[in-house]
Every structure is written in structure tokens, then in C-alpha cells.
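1. quick one, structure for this:
(2 chains)
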Amino acid sequence: MSSIISVSNLSKTYGSGFKALKNINLDIRRGEIFALLGPNGAGKTTLISIICGIANPSEGKVTVGGEDIQTSYRKARSLIGLVPQELHTDAFESVWATVSFSRGLFGKPKNPAHIEKVLKDLSLWDKKDNKILTLSGGMKRRVMIAKALSHEPQILFLDEPTAGVDVELRKGMWEVVRGLQQAGVTIILTTHYIEEAEEMADRIGVINKGEIVLVEDKATLMQKLGRKRLTLHLQNRISSLPESLSPYKLELCDSGATLVYDYDTKGERTGITSLLSDLRNAGIRFNDLDTTQSSLEDIFVDLVRTS
Amino acid sequence: MNFRAVRAIYLFEMARTWRTLLQSIVSPVVSTSLYFVVFGTAIGSRIDHVEGVSYGTFIVPGLVMLSVLTQSIANASFGIYFPKFVGTIYEILSAPISYFEIVLGYVGAAATKSIILGLIILATAGLFVPLHIHHPIWMLSFLVLTAITFSLFGFIIGIWADGFEKLQMIPMLVVTPLTFLGGSFYSVNMLPQGWRTVALLNPVVYLISGFRWSFFEIADVSVGLSIFMISTFLAICMFMIWWIFRTGYRLKN
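-> Predicted coordinates for the structure are as follows:
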């Protein structure tokens, strides 16, 4: 797949001497949903700001749709819609006026039908004449998405799109994002909600302390790093584990009522079969069991801790 | 050239003017009218003619300039400072527009506003004192040139300011004194020789002098010098804005 954004050797040092980005190399593929994960202050927003033209890079090169963001900034920027993290809105403007303003700013001719569609898709149509300051936080967030979509961008940056948005609205927003992807828009989102990345993304990048730690297909990442956990609910509580079970590194939880076994799905053998037969030999019986896949959140926490 | 973007910014800023009509148009007109009542009618009636012009009429160009200068700075500085303050500047910076187009939109709107204001004040003055403008074209040219120059200056202040205090500081502490001491209410020739020399260091003297000349054909300094000084100040402002955008000063760092 061809890349639509290409970042090479990008560094950013702020006036204070703080190195926000260190030699970043990253390619975003056309049409994908890319989730950029990282703890606070990792450099997510700085990276987005540079690609979108809000901050100057210290070193390196970025192309968007093949156009250099500095020498060919008009072409590069007109491909991008940006929804920043903070709710920056013109409080006294109407929804309609502010969204139309964004379209004009990006040099597109008036198109009320498009604006109407965007507002309807985001459930903002009945608020179109309201002043922004009268809207709730979730609505303001959607107004900002509407502004970014007003000029029909090919790439959409969503910086923490669902921060402070309730569950129902969040799900609604995911629908919108999926719809956009189907329409051919490439989406880059940063998020704190790992479930969001897990739910939405095709690929995942992890950034920490200004460096890209990992970029991987979500499925591969989950498989590669994914561990599974088997939980056995015992019929009778036990106080300690018999010696014969020590190789399995079991954990006895809930005051002896459950046994927990972690295993690796990419290993040749999971050890489950022999564990179960050893349990029977030891006279330990259980009345229920379940397995869980380690979440992206666990993977993420691990990565950030070790990097 | 992204004309649609310039138009969008320009209309956005003009819309802000109509929304804040009381503050941006009515209040300067009221305060200028008070000057006419106090200086023109009450005190002015006891003052002799100044260089052949009645005092009430004499102060008209100075008062118009006073408003145009302060309003140009206020409009343009607030126009660019506010998006910085509330964060909406992100959209301007990420849009496919050049610095020149950004400045054209903001400064164009600020200058338009203060030109309209200047003309309204002039019309208001006409209600209080008899007015005859000798060189209307020159008068308009000085008005437009001053509005643009000081809107650019205001734009610089708006970029530089990182708090409301700084936004007010230059207009309050520098521009207002310079305007009052720049001959709004008197001819520099009325000053003693020493003070006259000091006054000539004040750039506003040249603006008011040139503007007054277009009304009455009387001037403190030659018209050519006035035009030269305004143009120089305009060039300095343009250079500073070019530098601001080139380096990303207070915008992109």
C-alpha cells in the first residue's frame, strides 16, 4: 500500500532545549486508521503539529501526499483536516458560520450541501444556528470535527477525539470515523483509551519520550505480544499448591478459590493439556474455567515501561 | 493566492466588528464628540484662531487621527491576539494560506474598520464645527495609509503580547502619549524652541501634520516629509512582520 504521509528523520527541539521528538521515521498508509499511542508528554501532539504546519520542525522532512510540508505547504495542508485535543472554538460564532469559515480558509468554494451533510452526519444539524458557547462539551468536540471535515480532507488527524466524551457519543464518533475510512479518508488518531485503538485501528504506533518505539499491524501486535490467561475456578479451596505443579508457575488467587495460569499463544506448546492432567492427578477439581487475551493496554504498559 | 481564505478571515473579522458595534464604533464616536463639546465649543470659543483656523475646526484632523491610530492598533492587535489566546489560531496556521494572506485578512479588516470609524468621526465633527477639506484625495490617502500602517503595528503587538496586560501596555503607555503630544490639540509651532525639537522626534507629529495639511493647507512640517515618515514606519512594520513569520516568533515555536 502506498504511503500518504512520510516522516523522515524528524526532530524537534523547543527553545527551552527540550527535545520533544528524536529522529522520527514513520509512514502512514493511504486509507488506513493509524493509532498513535503514548503517555502524556511523549510527543504525540508535537508530531501532529509539525505535520499540520502549526509548529516548525528542527530537523528532518515530512511529505503529505508526496508534497513537502514546507516547500509545498499549500498542497500538503489542503489534504489535511485537523481536530486538536483542546476544544478551541469561537464562542460567539454560530455552528454554521464557524464550519463555513473553515471551508473558506482552506480555499474551497462555498458548498452548503456539503456542510449540511457534515453537520447531519455529526448530529449537529439542529444546532446549526446556535452559538458555540451554548453547546455541551461533546457537541463542541463534534463542531471541531465538522470544521476539519468542511474542506473534504483526504487525511484526518484526531488528537484525543473522545477525551471527555460519554460512552454513547464515543461509540457514535467511532461510527463516523469508520464511515470516513470507507469514504477513503486516512485517519490518524491519538488516544488515551487503548480500547479505542484496539477497536478502531488497522495499525498502531507507540511513541515514548519523543521516539517511535514500535509500529505494527494491530493484529500482528496482539498476536506477537499477546499472552493468554487461563483461570480455573476450583470446587474446593486449597491452601497451597502441590510440588508436582510448580513448573507451571501457577498463581493461587481469591484465598485459594481460583488458579491462574499465564501462557504464550506463539509458543509451540501452551502446556494446557499437561496442566489439566497434572491437576487431575493431584486431585484438584474445578467447576469452571475461562481464558482471556491480554489487552492492548497491557502490551502498551509493558512497552512504555521497558523502552 | 488563496483569495477565499483572505475573504474568510476578512469577513470573520468584520463580523466581529458588527457584533461589538457599541464598543468598536459607538464608543469612539461618543468620546470624540465629548472632545468637540469640551475643547471645540466650551474652551475653543475662548481660544483665538490657530494659524487662521478656528480652534474647534483646527483640532478636527488631530482627533480623527487620534481615533484612527488607537483603533487601528486595538483592532488589529486584538484580532490576532484573541485566536492565540483561545487557541483557534491552530486552524489559521494549519490552513493552506501564506503569511501574506493572513496579514491581508486581519490587517485589511482592522484598517477597514478604522477608516470607517475615521469617516464617521469626521461626519460627526461636521455637526459641531464648519469643515472644508482642501485636498480630499490626499486626506483619504493619509487616512488609508495611517490605518494600514498602524493596523500592521497592532498586528505585531498582538503577536508579541502573551497576556492582556501587554496587549494594553503599548497603546496605553506609548501610543496615547505620543498622539496627545503629537499636535492633536495644538500646532507644534506653538511650542518653545527646545520642546519643538523634542516634538519632532515624535513620529505622530508627521502623521497629524500631513493630515491637517490636507484639510487646511497648514502644516508643522513639509507634506513630503510627512509622507516619507509614514512610509518609513510602514516599511519597518512590514519588515517586522516578515521576520515574525519567517522565524515563527511566538506562533510556531
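2. just name the shakiest helix or strand of chain B by mean pLDDT.
-> Each helix and strand of chain B was given a mean pLDDT (mean pLDDT, DSSP states H and E); the minimum falls on helix B:21 at a mean of 80.
3. and after that helix, which helix or strand comes next?
-> Tracing the chain past helix B:21, the next element assigned as helix or strand by DSSP states H and E is helix B:27-35.
4. which elements pack onto that next one?
-> Contacts of helix B:27-35 with other secondary structure elements, assessed using 3 or more CB pairs under 8 Å, 6 or more residues apart in numbering or on different chains; DSSP states H and E, are made with helix B:55-86, helix B:99-128. In short, each C-beta sits where N, CA and C put it, glycine included.
5. so whatever helix or strand comes next after the last one versus helix B:55-86, what angle?
-> To tie it back to what came earlier, the one meant is helix B:99-128. Of the helices and strands lying after helix B:99-128 in sequence (DSSP H and E), the nearest is helix B:136-160. Interaxial angle, helix B:136-160 versus helix B:55-86 (axes from the mean of the first three to the mean of the last three CA atoms, to 10 degrees): 30 degrees.
6. for residue 40, helix, strand, or coil?
-> You didn't pick a chain, so chain A it is. Taking DSSP: H, G, I helix; E, B strand; the rest coil as the rule, one finds A:Asn40 in the coil state.
7. next, give phi and psi for it.
-> Note on A:Asn40: its backbone torsions stand at phi -60, psi 140 [degrees, to the nearest 10].
8. and it, how many residues sit next to it?
-> Neighbouring residues of A:Asn40 were enumerated by other CB atoms under 10 Å in any protein chain shown; the total is 7.
9. with B:Leu191 instead?
-> Under the neighbour criterion other CB under 10 Å, B:Leu191 is assigned a count of 17.
10. kindly report the same for B:Phe100.
-> 13.
11. now do residue 171, the pLDDT please.
-> Defaulting to chain A. What the model reports for A:Lys171 is a pLDDT of 83.
12. that's the other chain; I wanted chain B
-> At B:Pro171 the predicted local confidence, pLDDT, stands at 82.
13. ok, it - contacts?
-> By CB atoms under 8 Å, 6 or more residues apart in numbering or on different chains, B:Pro171 lies in contact with B:Thr70, B:Ile73, B:Ala74, B:Ser77, B:Ile157.
14. before we move on, the earlier item: A:Gln70 is nearest to which of the helices and strands packed on helix B:27-35?
-> Distance to A:Gln70, taken as CB to CB, is lowest for helix B:99-128 among the helices and strands packed on helix B:27-35, at 13.1 Å.
15. now the helices for chain A?
-> Remark: helices of chain A, listed N- to C-terminal, are A:44-52, A:73-78, A:95-105, A:112-121, A:137-149, A:167-182, A:194-200, A:218-225, A:272-281, A:296-306; assignment by DSSP state H.
16. circling back: deepest of the helices and strands packed on helix B:27-35, which one?
-> With neighbours defined by mean count of other CB atoms under 10 Å in any protein chain shown, none of these is more surrounded on average than helix B:55-86, at a mean of 24.
17. that one to helix B:27-35, inter-axis angle?
-> Here helix B:55-86 runs at an angle of 150 degrees relative to helix B:27-35 (the same axes, to 10 degrees).
18. chain center to helix B:55-86, what's the gap?
-> Relative to its chain's centre, helix B:55-86 lies at 4 Å (CA atoms, centre = their mean, to the nearest Å).
19. just want the most central residue of chain B.
-> B:Leu69 (2.0 Å; CA atoms, centre = their mean).
20. enumerate every residue touching the nearest residue to it once chain neighbours are set aside.
-> Ranked by CB to CB, 6 or more residues apart in numbering or on different chains and with sequence neighbours excluded, the top spatial neighbour of B:Leu69 is B:Phe150, at 5.2 Å. When contacts are counted by CB under 8 Å, 6+ apart, B:Phe150 is found next to B:Val68, B:Leu69, B:Ser72, B:Ile73, B:Ala76, B:Ser114.
21. residues in contact with the residue of the stretch 101-250 of chain B found nearest chain A?
-> Nearest residue of the stretch 101-250 of chain B to chain A, counting by CB to the nearest CB: B:Gly248, 4.8 Å away. Neighbour list for B:Gly248: A:Ala55, A:Asn56 [criterion: CB under 8 Å, 6+ apart].
22. quick check, pLDDT for it.
-> At B:Gly248, the pLDDT recorded in the model is 78.
23. same deal with A:Ser295?
-> Note on A:Ser295: pLDDT of 69.
24. same check, this time on A:Ser307
-> 66.
25. what of B:Leu104?
-> Confidence per residue is given as pLDDT, and for B:Leu104 that number is 95.
26. so how far is B:Leu145 from it?
-> 16 Å (CB to CB, to the nearest Å).
27. same check on A:Leu234?
-> The value you get for A:Leu234 to B:Leu145, if CB to CB is used, is 90 Å.
28. cool, A:Asp290 as well?
-> The value you get for A:Asp290 to B:Leu145, if CB to CB is used, is 80 Å.
29. more neighbours, those two?
-> B:Leu145 (20 against 9).
30. quick one: mean pLDDT for stretch A:104-119?
-> In this model, stretch A:104-119 has an average pLDDT of 95.
31. got it, and stretch B:112-125?
-> When pLDDT is averaged over stretch B:112-125, the result is 92.
32. what residues are up against B:Met240?
-> B:Met240 makes contact with B:Ile156 under the criterion CB under 8 Å, 6+ apart.
33. in which helix or strand does it reside?
-> Judged by DSSP H and E, B:Met240 forms part of helix B:223-247.
34. list the contacts of the helix or strand bottoming out on mean pLDDT in chain A.
-> Among the helices and strands of chain A, helix A:296-306 carries the lowest confidence by mean pLDDT, DSSP H and E, at a mean of 74. Applying CB under 8 Å, 6+ apart, the external contacts of helix A:296-306 come out as A:37-39, A:194-195, A:197-198, A:204, A:206, A:208, A:213-214, A:218, A:221-222, A:225-227.
35. what's the angle from it to helix A:218-225?
-> Going by the same axes, to 10 degrees, helix A:296-306 makes 60 degrees with helix A:218-225.
36. where does the prediction get shaky in the chain?
-> Assuming you mean chain A. Applying pLDDT under 70 to chain A flags the ranges A:1, A:164, A:224-226, A:266-267, A:294-295, A:307.
37. actually, chain B is the one I wanted.
-> Counting by pLDDT under 70, the ranges of chain B that qualify are B:253.
38. what parts of it come near chain A?
-> B:2, B:4-5, B:7-9, B:12, B:15-16, B:19, B:86-88, B:90-98, B:248, B:252-253 (CB under 8 Å from any CB of the partner chain).
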